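Chemist: Predicted model and sequence below, questions to follow.
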Amino acid sequence: MRLPALILPVALMLMACGAQPGPMFFGAERHDLTLDGIHLVVFRKEDHVEVIRLGYLSRAERDAVPALMERAAAQATGCMVVGPGRGMWSSPSLIGDSGEATFELAC
């Protein structure tokens, strides 16, 4: 009977967590940016970044996000993006995902 009473507090705590990096980016340097009205979080570790988009976008609004994520990675780090993350740094998401992406940097 106490389970329904716990659902709301647990849900509120989870919503407050915000963007969390993938396991390869634990301990990474975090940068919060807003580009073209879209909030992005960039996690940098070594010469790699993970970019996470926050908030809801309609399907039509998502088309520009992959390029925006690449721009955010470069702006947050001051490095040039040389391509998607590869090997252990590769993104677990599908190619073109508008919610998360990883990139390799040249600094």
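Modeler: Arrived safely.
Chemist: mind listing the strands for the chain?
Modeler: Across the chain, reading from the start of the chain, the strands by DSSP state E fall at 29-35, 38-45, 48-54, 80-84, 100-106.
Chemist: Neighbouring strands of the third one in the sheet, and parallel or not?
Modeler: Paired with strand 48-54 in the same sheet, following DSSP bridges, are strand 38-45 (antiparallel), strand 100-106 (antiparallel).
Chemist: Could you export the ones you listed as TSV, including mean pLDDT, distance to Val51 and mean neighbour count?
Modeler: From N, CA and C alone the C-beta is placed, and that goes for glycine too. TSV is the format used below for those (pLDDT from 0 to 100; distance: least, Cβ to Cβ, whole Å; neighbours: other Cβ atoms under 10 Å):
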stretch	mean pLDDT	distance to Val51	mean neighbour count
strand 38-45	96	5	21
strand 100-106	94	5	20
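Chemist: Please produce TSV containing the ones you listed, extended by distance to Ala64.
Modeler: Putting the strands paired with strand 48-54 into TSV (distance: least, Cβ to Cβ, whole Å) gives the following:
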stretch	distance to Ala64
strand 38-45	9
strand 100-106	13
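Chemist: before we move on, back to that, and the strands of the chain as JSON lines, adding distance to Ser93?
Modeler: Putting these into JSON lines (distance: least, Cβ to Cβ, whole Å) gives the following:
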{"stretch": "strand 29-35", "distance to Ser93": "19"}
{"stretch": "strand 38-45", "distance to Ser93": "14"}
{"stretch": "strand 48-54", "distance to Ser93": "10"}
{"stretch": "strand 80-84", "distance to Ser93": "10"}
{"stretch": "strand 100-106", "distance to Ser93": "5"}
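Chemist: Minimum distance to Gly22: which of these has it?
Modeler: Ranking the strands of the chain by distance to Gly22, with Cβ to Cβ as the measure, places strand 48-54 first at 5.8 Å.
Chemist: in that closest one, what's buried?
Modeler: Applying a neighbour-count criterion of 16 or more other Cβ atoms under 10 Å, one finds His48, Val49, Glu50, Val51, Ile52, Arg53 buried in strand 48-54.
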